[in-house]
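[1] fold the following, please.
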Amino acid sequence: MPRVCHFTGKRTTTGRQYTHRGKAKYLGGVGTKVTGRTKRTFKPNIQRVRALIDGRIVRIKVSTKAIRMGLVTKPMKRDYKPEAATA
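    Take a look at the predicted model:
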């Protein structure tokens, strides 16, 4: 399964990581120069949670932003008390 949020559609994106050398002008230097660019991936914070979707409890992958926004409806907690014995 891919690393994609079920609600927001967040997914892994690509970008670059820049390497600099030199001292910034505001610190008294002559400025910074880019000495390297390498490809990298930005991965979203995806969690696997149990959620209530269409009345069924399913495990889905969601981003933490979706959880904080309240898009995920968690199922009821299970009652672990033993039932009364029928005699």
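
[2] contacts and neighbour counts: CA atoms only from here.
    OK.

[3] quick one: contacts for residue 46?
    3-5, 61-64 (Cα atoms under 8 Å, 6 or more residues apart in numbering).

[4] how about the residues you listed in a markdown table, adding neighbour count, distance to residue 79 and secondary structure?
    Below are those laid out as a markdown table (neighbours: other Cα atoms under 10 Å; distance: Cα to Cα, whole Å; DSSP: H, G, I helix; E, B strand; the rest coil):
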| residue | neighbour count | distance to residue 79 | secondary structure |
| --- | --- | --- | --- |
| 3 | 17 | 32 | coil |
| 4 | 20 | 32 | strand |
| 5 | 21 | 30 | coil |
| 61 | 19 | 25 | strand |
| 62 | 26 | 26 | strand |
| 63 | 23 | 28 | strand |
| 64 | 16 | 27 | helix |
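
[5] I'd like the distance between residue 11 and residue 2.
    8 Å (Cα to Cα, to the nearest Å).

[6] and these two? Which one has more around it.
    For the pair residue 11 and residue 2, the greater number of neighbours falls to residue 11 (17 against 7), based on other Cα atoms under 10 Å.

[7] show me where the chain has its strands.
    In the chain, the strands defined using DSSP state E lie at 13-21, 33-42, 46-53, 56-63.

[8] any idea what residue 13 is bridged to?
    With DSSP bridges as the criterion, residue 13 is bridged to residue 42.

[9] equivalent analysis for the one 5 residues further on, please.
    Residue 18 has these beta-bridge partners by DSSP bridges: residue 37.

[10] quick check: it touching residue 34?
    Yes: shown here, residue 18 and residue 34 form a contact pair, counting by Cα atoms under 8 Å, at 6.6 Å.

[11] quick check: closest non-adjacent residue to the residue nearest to the spatial centre of the chain.
    Taking Cα atoms, centre = their mean, the centroid of the chain lies closest to residue 45, which sits 1.8 Å from it. In space, and not counting its chain neighbours, residue 45 is closest to residue 63: 5.6 Å by Cα to Cα, 6 or more residues apart in numbering.
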